[in-house]
Structure formats: structure tokens, C-alpha cells
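Student: Let's see this in three dimensions:
(4 chains)
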Amino acid sequence: MFQKILIANRGEIALRVICACKELGIKTVAVYSEADRHSLHVRFADEAVCIGPAKSARSYLDIPSVISAAEITNVDAIHPGYGFLSENANFAEVCETSGLTFIGPKPDVIRAMGFKQHAREAMDKAGIPILPGSAGVLESPEHGLETAAKIGYPIILKATAGGGGRGMRVVNEASELPGLLAQAQAEAGAAFSCPDVYVEKYIRKPRHIEFQILADHYGQVEVLGERECSIQRRHQKLIEESPSPRVTPELRQRITDSLKKAMKEVGYTNAGTVEFLMDEDGSLYFIEVNARVQVEHPVTELVTGIDIVKAQIRIAAGEPLTSILTEPVTMRGHAIECRINAENPETFTPSAGKITGFNLPGGIGVRVDTWAYTDCVVPPYYDSLVAKLICYGTDRKEAITRSLRALDMFIVEGIHTSIPLHQRILSDPEFQAGDIDTGYIARFLAK
Amino acid sequence: MFQKILIANRGEIALRVICACKELGIKTVAVYSEADRHSLHVRFADEAVCIGPAKSARSYLDIPSVISAAEITNVDAIHPGYGFLSENANFAEVCETSGLTFIGPKPDVIRAMGFKQHAREAMDKAGIPILPGSAGVLESPEHGLETAAKIGYPIILKATAGGGGRGMRVVNEASELPGLLAQAQAEAGAAFSCPDVYVEKYIRKPRHIEFQILADHYGQVEVLGERECSIQRRHQKLIEESPSPRVTPELRQRITDSLKKAMKEVGYTNAGTVEFLMDEDGSLYFIEVNARVQVEHPVTELVTGIDIVKAQIRIAAGEPLTSILTEPVTMRGHAIECRINAENPETFTPSAGKITGFNLPGGIGVRVDTWAYTDCVVPPYYDSLVAKLICYGTDRKEAITRSLRALDMFIVEGIHTSIPLHQRILSDPEFQAGDIDTGYIARFLAK
Amino acid sequence: MNIPEIKELIQALIDSGVAELEVQRGENRVRIVRGGAVQEVVVTTASAAAAPVQHVVSAPAVPAAPPAPKAEEGLQTVKSPIVGTYYAAPSPGASDFVNVGDSVKPGKVLCIVESMKLMNEIECEVSGTIIAKHVENGQPVEYGTTLFTVRPS
Amino acid sequence: MNIPEIKELIQALIDSGVAELEVQRGENRVRIVRGGAVQEVVVTTASAAAAPVQHVVSAPAVPAAPPAPKAEEGLQTVKSPIVGTYYAAPSPGASDFVNVGDSVKPGKVLCIVESMKLMNEIECEVSGTIIAKHVENGQPVEYGTTLFTVRPS
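Tutor: I've put the predicted structure just below:
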């Protein structure tokens, strides 16, 4: 097992990794920018190294600074958290050449999963259902029209190297295609230095469903059930839950079996998430693989009882899954996560500043992951996530009522937070009925 | 279901009941003494009534004040929490005659369980193993000598109406008996207005094991496994866990079956705890019934997933257990509770005062039940419990390492707390090996 | 420059510890000067419990004089010693035990607080004049609710 | 000039120790004056983060002058722009790049910070005299660690 791990991240996920290390008896090194000097991840690590100014590009994203910090503190391994360098295959490679274990998949697997078309092909080969679409990059408008005719409109154009909605266009009929294709290519080229675009069937009212994977270095893959993440605003997830109200035990089992095979074939190791869209019939279609731990991993931890971050570290240290998961994976109860963001709950403008009053909810079934505390300052430089409130119940109804009472008792003064928005969503009969899709928030806000 | 409940208690248990009510959609009324004006239970209740000055006898223990508060706020029911009026049969009776539902067993059952000898006889009749002892009150020193000879020394003398160690004497040989009996009777008479004393076999190095019961109004009883509470200092529990490292599945099943029968026969309803001593052979002997929710109920909630306080309320409202527990009771994982007291961890002197810094641990597997917050004041008038830290793990080892990391991240400034003591105990190889009994703390502190 | 932006600037000023900030954009100009003891005021705010509680009984029984006649020194208040329902008169329809302006002496019954069906007479402990009645007939009172203000004679 | 830019200026002001800053771009103008009691903001920080962190690198890189020569005004510090290992000399056994009392000019190499096997020469940016060396040869430094104090000439 590792003696000391550097955590190349900040905020709640850095603290999450520190918790896992403490429980495993591993020393920790925090890195931080000047803006995060008073953050809890700095407070609770065994050592801490300032690696640069507030701007991420010169601190958390600066590979030489992170690696140097690892070298001067003599760590064995680096946990990248999510975001920042977590899916940067070059960083994973630099770690390896510097003699540091990167806690995540191998660099070539990260790279392969980062190119969506590669990932699609790999999954398709392994029998995972893929959204009908072009087998590869669209060569020309004609190629696009031909493919779209086969799939049937509406279709969606997506950037091969993309993410976050950039380079995406929905095409409702053939006449729109050439113009929108040119736009998508231009946007993809500008955003990702690669103008390649592919085409997929466009699903109306899709649900966002993702499966949690753990895979060791010996070819064993386990699937820890799914999460439903359909409550999103502009591709930013707001509420996630496990299990999904729409995934049946049969469907879960079928996808689990396929994914075990697929992930083994692509040589996947460590934790990962396989994202799907679900159409109104309940069919799942693969979208992409996230080769890292997710923000929303705690909902899976609550229903399976498995510590995903500890599993990541133990896998990276060479432990087989058989010794990490001593019992078969089972799901019990229901868990819901609310992302408490520092933002105006109506206008969604970020709300940095000092937290003057802070009361965390506690009691049965309530988990809070946060880096914040009374009198801390939410810096304006990074994402607005202040805390994750994750509530467990024996069923979805109890998880919802418990979330509502915990939100009621979650007091943050001095800044705006999304707490009132979460209270409104969780009180909404449509949400309570499980009648959700990725368009839910837009409809809800328009009400 | 009730519309509104009054909580006749303070501190974390009052807040615990408020959480349950919020999740059930029931309005709450807090009562408070002048010393508790700024307590969180007052803050988070829908209504709050000041019922008297700081002294418990004139506020939390004053039946007319509590009942009047219930009357002016038009509540349907009263939850007594633990301590204070929770096992006061008269109070339960006054509630009934005032048209208020007392959330607990019927007054006559509370009364019967309060007299230990009655409880022993009832349990004995139902086939629960009882510690060998006198069938009733000791009439004379001769009667005592005769009984002790049958049982075999050492024996222990106990007050029939007693508790908390008063009126207790360990007798190692016959010659000591007459003198110690007189002492025990005098002490019992002074403490409980009843000098009756009975005799029991004295167990060396006993473990304190208790079983959690839920019983509805229709004769159904469920047992939610056991808790081990052997880590005690002067009969004050410090650390509790579930399951017990020494209870085997077979023993658990046997006791569960007997208790279902016994508790049905005594007409027990609502939540309760049946306490046992375990000798070094692993045999259990009944001691007493606690006819209320226990401080340590959360460890059972974490391993069973059942909300005991919500179950109490639903049972009192007339719901059958079949609708409250929709699935068979099962235990998963391991949970440990540390009682964080406001006291010097070495001298055990209480440490009231203002909490100037307060950081709650969070993250996976951590539950905190507390009424405290940054800048609150721990009043000197009541018990010293500031917070309960309850940690869940897939096994005992994980529950211990998680408790240690959570204690590490639990910051309380301005007062002394028992956190350092808990850290020392949880790090002790003897504790980690599960090698504990009620004498553990005395030995540990003497080290 | 709109209000949210200005607020953000104010916040930035507060967070940073900067004393003075002046921003001009074309014809628009904003100048923010930090107050002398701003920080201290903010810091003292206790977190959760500082927010007000919705008390069932109107006046919280804080040991403080009633709001209106506070200015006058030497006034005494009569507080409810028990939780219950306040009655101004001995029976429905009867006239009140006391009215504003009445002279009272120790032992004079001022009102009744009903608790558990028992009628508890609340007696005056000083000599003086009733200058305020704070509770309406039939209203619930908690321990410490201010019932009367008396000007001692 | 938008809000984030203004905030960045505020931060720059705080980091630099400059007392007042005025920027004009065409019709836009910003003026920031530093508060007297900046430290108080830090001091009031309550609970968790107030406790000291065990930094791997000896001196925390707080924007403050080095402890010893603090009394003297107008001193400048040279801080490490990168994380790495500090070397006082170009090679083992060679004499140090600079010593206390040396006169330095802009461009003069003061030390090396090794980061990922790369030797980064840290150059002086002012003319003056080295009055303190804060880091031992071979010691790790973090971003912002104070390396030298210079009295500008």
C-alpha cells in the first residue's frame, strides 16, 4: 500500500480523498493555490504545498508544479479527483515517467475514452447499445445527409473531441443539415482544435443514466448499479440519485453483464462511469465514459455501502477486487444528492464571498461533503460547489422527505446558494413522481 | 397520523425527534428552559414554548408546565425523548387523561418494567434467560445466605427500584453478606424510598449487550439486532456499537425469537431496549428493560436502515409494523457511536461554556447528531452530551478507522471534550480486538 | 453598472479588507468607502441560532422591559410564572381584575393563568399603578411572558 | 473594465502591499485604497482553518515580509515563482550565486529552483543589496516561498 498520496485537487473532493487516505492509514499532501490557503483540504492534510496563484492554469492545472510538489514531498501516488487534471492522459503519463502512481486508468485508456468516437466503437464491439449514428467522422454534408436519412430525423451533431455542449447542433430536417454542420465544425475546431463532428439519433426527453464501474488490474470488473442524473441545467447536474426510478432490475442486470465484458475488453482499470441516454421507451444508449471519480459518486456509496475512493486507491496499489469487495455488490434503499452551489437560486449568477453563518444538517441518513465552514470565503476563481448534501432513505419517498428536512436545516448565511432551488424541485409533484428528463429544469424554471 | 407533536426534551434528542417529524410532515412544538433559548431544537421547531427556568425540576421535569404547553399549542401527541419524563408512568398517564398520545409504551407497562423484579419475573416466564438469583426481595440475612449458597459466590445485591449503581454491593463470601446487605438496603431506601434488595449472580468481566425492540398495537414485535455498550465509565456509556463482536448469528436468532414472545406477553408497545449481561462463556442474562428510545439508537439505525424514531411515532399513531417495516429486518455492516461530552478527557470534570470554533466531520459513513453550533453555549445545568458521532463501515475495522478519521476532523474549540479520550480508546489494540467488558475503561484509564 | 454589480463590488471590498474603492465607467462612477468597524459587526453574528424563532406565544420572554414604555426608568414588569392561558377577568363577562391606571397593592389579583384546568391567580408583588397590559384575554402565555407593567409608588 | 478584472486588481493590491492603486483606461477609471486593518479580516477567521497547518515547506508564503528585517521599510523580497528544490550554487561544491551583502542588479542569477529535473535560474529584478537569504541549499520550496530580501538602491 502507498505510504503517502498527493491530492491534485481542491474543495470537497480533495477533502474526500483525504478522508479515504486517513481511513487507510496513508499520509496526505494537499496542494493549493494562494486563494485556497484557508481551505479545509489544506487544514486536514498531513502536509500542504502552495503551487501557484489563484488562476487554475497556473496552479491546479499546471503539471510541472503538481509534479514538483509530489517530488519534494516524496509521495508514492497522485489522486487527481475530478475536473482539473483528472482526465488528462498526458498528466497520467508524466506521473508514470516520474515514478508516481496515477490513481486512475492507464494513460492510453484515458486517451481512448476521451475520443468519443473511439469509445463508441469499443462499446459497440462489446455489445453495449449505441445510439444509432455515423460509424465515424462526417466527411461532407452529403455523408451527413445520407447517414441522417438512415437514422431518421431529428439527429444531433456532436464534436468528436468535445464536451459541455460545444460543437453540438440538433437537426430537425434535411434542409437544415449543411448549415448546422458547418457551424458545429467551426465551433468544435475553435473549442477543441479538432473540427471533427459525428452524427447521432436525437432523443426527445432523454434521461441521463450512468453506471458506476470498478475494475482491478487483473481483469475483474464490477458494476455498482446506476445513477440517474437527469436534473441538469445547461449540462450542469443539480440533483443525482441512485437507483434510477426507471431502471428495472432486469435492465440493470443486462447492462451490468455487458459492461463487465466491455470494460474488461478496453482494458479499463480503477473507477469510471459509463453514461447513457434513456429514451421514452426505457431503452439505454451509450454516450461516453468518464474516466475518473464523479461528483455524484456518494449516492452509489450510500446504496451499495462501498467506499469508491478507497477502492480507487486500493486498486491503484494493486489489490484485486476480490479483496476489496468481500461481498457481492447489492443495492439497498435510495440516495439523492443535491449540489449546493454558491449561486443565486433564480438568476444562477455565482455568489462568491464570506460565509458568515453555517449550520450543517445531521442526523439519520444525512451525509454532507463540504470544504466550507463558518467564516470561510468562497473564492470567485473556481466552480461554485460549496457542499454536497446526500440523503439516504429506505425508499425514494423517504430520501426525498429527508432531503427536504435536511435542506431546511442547512443554513448558509453571507452568500446566495442553490438551497431554495433544491427545495422547490424536491417539492415538485413531477419530480416526486420520478417524471424527469434532461429537459425537466428548463420546463420547471419556465413554470 | 398526528398533525402536531410536542417534544418534551432538549438537546440532540429533541432535534432528532424534530427531524423525524419533519420527514413525516408533522408540525413540532419545542419546549425549553430559559437556559436553552438559543438551542437548535428551539430554532428548528415550528413553534417553541418557554416552560420554566434552567433548573430541570422546574422546566423539563415539571409535568404541569409540559402539559400546559401541549394544551396551548393544540398538539396531538408528546414525544418524551430519553431521560427527563420518558420513563415516568405518571406522566404517560397524565398525557392520556389530557387527551394526548404519549409516544411510548402504556403507563402500566412502563411501571411494570420500572420495577426490576417484576420485569425479571415477566421475562423469566417468557423463557428469557435470567441471571440466577432470588425469586424476590430478600427477607432477611438468612434468606440471603441461603440464596447465595444456591447460586454460588460472588453474588451482587441490587435495589428493586434502583438504577445507576445505588443500592448495589458485590459479595465475595458468606461472611460479608449480612453487613453489605444492611448497607445496600439503607442506600436503596434513601435513594428510592424503597429498601427492597434482591440478589443475583455476580458476573466477572461482563459485556453489556442490549436488544432493540419495536412493537405495534396489534401484537407484532420485531427485534432490530443488538448493541454492545460495554465501554462505560461509572455506568455512563461512552462508546456503543452494533453488532456486538461477540454475538453470533445463532445467539442473535435465539434471543430474537424469545424476545418476540416475551414482549408480546407483557403487552409491550412502541420502542424499547432489553438489556443483558454476557458472561465470559458468551451466555446472556436479562437485566432490565428500558421503556424508551436510547441515546445509542443510531447505531442500530445505521446497520438496519430503519428509522427508529419515525417508527415510534407511526406506531403511536396506530400504524401496524407490517406497514412500517416493509422488508424483513436485516443487518448490514457495522456502526460505532462515540458520545462527545463536554468534559475534560482526563479528569472527567464537566466543561460548560461557549463553543468558539466548531467543525463537524462529514463524508462517507459519518453521522453526527448534535444540538451545538459555532458560538453556542453549553449550559452547566444538564448532561454534558454535546454530540453523537456515529460511523458506519462495511465491517468493524472500517467503522473504527472511519471513526478515528472523523474524530480527527471534529473540531470543538472553547470547551474541553471527550474527543481525545475516544481517539485513545479507538486506537487501543485491546478495543480493536473486540476484547472489551464493562471493566474495560477502569483498566484502560489505569494504564 | 447595475445594482448586482455594485453589490458584488461592495462584497469584494468587504472580503478583501480594502478601505476605499472608486470605479468610473464613462459617465458612471461608483465610490465605496469602508466603514470603521464593519468587520467586527459581521463577525459577531452567531450562525444558525441567531435567526429568530417563531414563538407560539407572541412576546418572547427575554428578561427585557416591554417595548413601549421602555424609556421610563424604574418600571417593573409582572411575568407569567407558568405556561397556560391568560384570563383578564374572573369569569366570562365579568369585568377585568385590573385596568390601566388602576392602583395595585401586593396581593392584589391581576389575572388568571389556566394550566391543566387549574385557575392560577397571579398576584401583584408591589404597590403602584398599572401602566400597561400586554396580553389579550384568552391568549396563551409561556413561562416568563410579560403580562403587566407597573410603575411602583 | 469588468467586475472580475476589478477583483483581480484588488487581489493584486493586497498581494503587493501597495497602499493605493488608480487605473484609467479611456473613460474608465478605478481607484482602490488599501485598508488599515487588513490583518483583522484574517484574524477573525473562526473555527477550523484558524489552526496552523503543518506546511512541508518551512516558511508559509503569506504575502508578508520576512520576520527578521520587517522593521525596515522599503525592503523587497524575492519569492519562488515555482515549486521545487532550492539550490544556492550552480553545482555541488561551487560557491553560492550570491551572499548577504552582495550588490545585485536586474538579471543577476540569485539561485536555482529545480522542478521536474529542470534547473530554473531565478533572476533578480531590482538593483540593491542582498540583506537576507531565507532558504538553505537543497531545501524544498513552494510557490511564493520567500527566498531573499533585497534593500533596493
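Student: and the gap between the residue lying closest to residue A:193 once chain neighbours are set aside and residue A:190?
Tutor: Among residues not flanking residue A:193 along the chain, residue A:161 sits closest, at 7.8 Å (C-beta to C-beta, 6 or more residues apart in numbering or on different chains). Any C-beta I mention is one placed from the backbone N, CA and C, and that applies to glycine too. According to C-beta to C-beta, to the nearest Å, residue A:161 and residue A:190 sit 12 Å apart.
Student: Would you mind telling me which of the two has the busier surroundings?
Tutor: Legend: neighbour count by other C-beta atoms under 10 Å in any protein chain shown for residue A:161 and residue A:190, higher for residue A:161 (20 against 11).
Student: ok, the more buried one - contacts?
Tutor: For residue A:161, the contact set (C-beta atoms under 8 Å, 6 or more residues apart in numbering or on different chains) comprises A:114-116, A:188, A:192-194, A:196.
Student: Where does it sit: helix, strand or coil?
Tutor: Assigned with DSSP: H, G, I helix; E, B strand; the rest coil, residue A:161 falls in the coil class.
Student: Could you list the low-confidence segments of the chain?
Tutor: All of this is about chain A. Chain A contains residues with pLDDT under 70 at A:135, A:163-164.
Student: meant chain C actually
Tutor: For chain C (pLDDT under 70), the answer is C:1-4, C:6-7, C:9, C:12-20, C:24-31, C:33-71.
Student: What are the boundaries of the helices in it?
Tutor: C:3-16, C:38-44 (DSSP state H).
Student: tell me the contacts of residue A:55?
Tutor: Here residue A:55 is in contact with A:33, A:381 (criterion: C-beta under 8 Å, 6+ apart).
Student: rerun at 10 Å
Tutor: A:33-35, A:61-62, A:381, D:8 (C-beta atoms under 10 Å, 6 or more residues apart in numbering or on different chains).
Student: and what of residue A:144?
Tutor: By C-beta under 10 Å, 6+ apart, residue A:144 lies in contact with A:134, A:138, A:155, A:157, A:171, A:174, A:177-178, A:180-181, A:184, A:197-199.
Student: what does residue A:416 give?
Tutor: Taking C-beta under 10 Å, 6+ apart as the criterion, residue A:416 is in contact with A:341-353, A:384.
Student: For stretch A:30-43, measure first residue to last.
Tutor: One end of stretch A:30-43 to the other measures 9 Å (C-alpha to C-alpha, to the nearest Å).
Student: Check the offset of that stretch from the chain's centre.
Tutor: 22 Å (C-alpha atoms, centre = their mean, to the nearest Å).
Student: from the contacts of residue A:144, which is closest to residue A:110?
Tutor: residue A:198 (20.2 Å; C-beta to C-beta).
Student: Report the separation between the nearest residue to that closest one once chain neighbours are set aside and chain D.
Tutor: In space, and not counting its chain neighbours, residue A:198 is closest to residue A:134: 5.0 Å by C-beta to C-beta, 6+ apart. From residue A:134 across to chain D, the span is 40 Å (C-beta to the nearest C-beta, to the nearest Å).
Student: what touches both of residue A:161 and residue A:190?
Tutor: Residues within reach of residue A:161 and of residue A:190 at once, by C-beta under 10 Å, 6+ apart, are residue A:167.
Student: Can you give me the neighbour number for residue A:159?
Tutor: Residue A:159: 25 neighbours (other C-beta under 10 Å).
Student: and it, how far is that from residue A:204?
Tutor: In terms of C-beta to C-beta, residue A:159 sits 21 Å off from residue A:204.
Student: same thing with residue A:341?
Tutor: 28 Å.
Student: These two: which is more packed in?
Tutor: More crowded of residue A:341 and residue A:204, by other C-beta under 10 Å: residue A:341, with 24 against 10.
Student: Neighbours of residue A:248, how many?
Tutor: Using other C-beta under 10 Å, residue A:248 has 11 other residues around it.
Student: wait, what's in contact with it?
Tutor: Contacts for residue A:248 (C-beta under 10 Å, 6+ apart) come out as A:254, A:282.
Student: still on that earlier bit, of the contacts of residue A:144, which pair is most distant in space?
Tutor: Those two in the contacts of residue A:144 that are separated most widely, counting by C-beta to C-beta, are A:174 and A:198, at 17.4 Å.
Student: Neighbour count: these two, which is higher?
Tutor: residue A:198 (22 against 13).
Student: Over to that one: give its phi and psi.
Tutor: phi -120, psi 170 (degrees, to the nearest 10).
Student: Stretch A:61-81 near chain D anywhere?
Tutor: Yes: applying C-beta under 10 Å from any C-beta of the partner chain, one finds that stretch A:61-81 is in contact with chain D at A:62-74.
Student: one step back: thought the residue nearest to residue A:198 was touching residue A:149?
Tutor: No: look at residue A:134 against residue A:149 with C-beta atoms under 10 Å: they stay out of range, at 11.7 Å.
Student: so what sits against both of these two?
Tutor: In contact with both residue A:134 and residue A:149: residue A:155, using C-beta under 10 Å, 6+ apart.
Student: So for those two, which residue has more residues nearby?
Tutor: Using other C-beta under 10 Å, the more surrounded residue of residue A:134 and residue A:149 is residue A:134, with 22 against 12.
Student: In contact with the more buried one, which residues?
Tutor: A:117, A:120, A:143-144, A:146-148, A:150-151, A:155, A:157, A:197-200.
Student: From the residues you listed, which land in strands?
Tutor: Using DSSP state E, the subset of the contacts of residue A:134 located in strands is A:155, A:157, A:197-200.
Student: Between these, which sits nearest chain C?
Tutor: Distance to chain C across the ones in strands among the contacts of residue A:134 (C-beta to the nearest C-beta) is lowest for residue A:157, with 35.9 Å.
Student: For that closest one, give me its contacts.
Tutor: By C-beta under 10 Å, 6+ apart, the neighbours of residue A:157 are A:133-134, A:138, A:144, A:148, A:167-171, A:177, A:180-181, A:183-185, A:187-188, A:197-200, A:202.
Student: Please report the distance of it from chain D.
Tutor: 32 Å.
Student: now swap in residue A:430 and tell me
Tutor: Residue A:430 sits 36 Å away from chain D, going by C-beta to the nearest C-beta.
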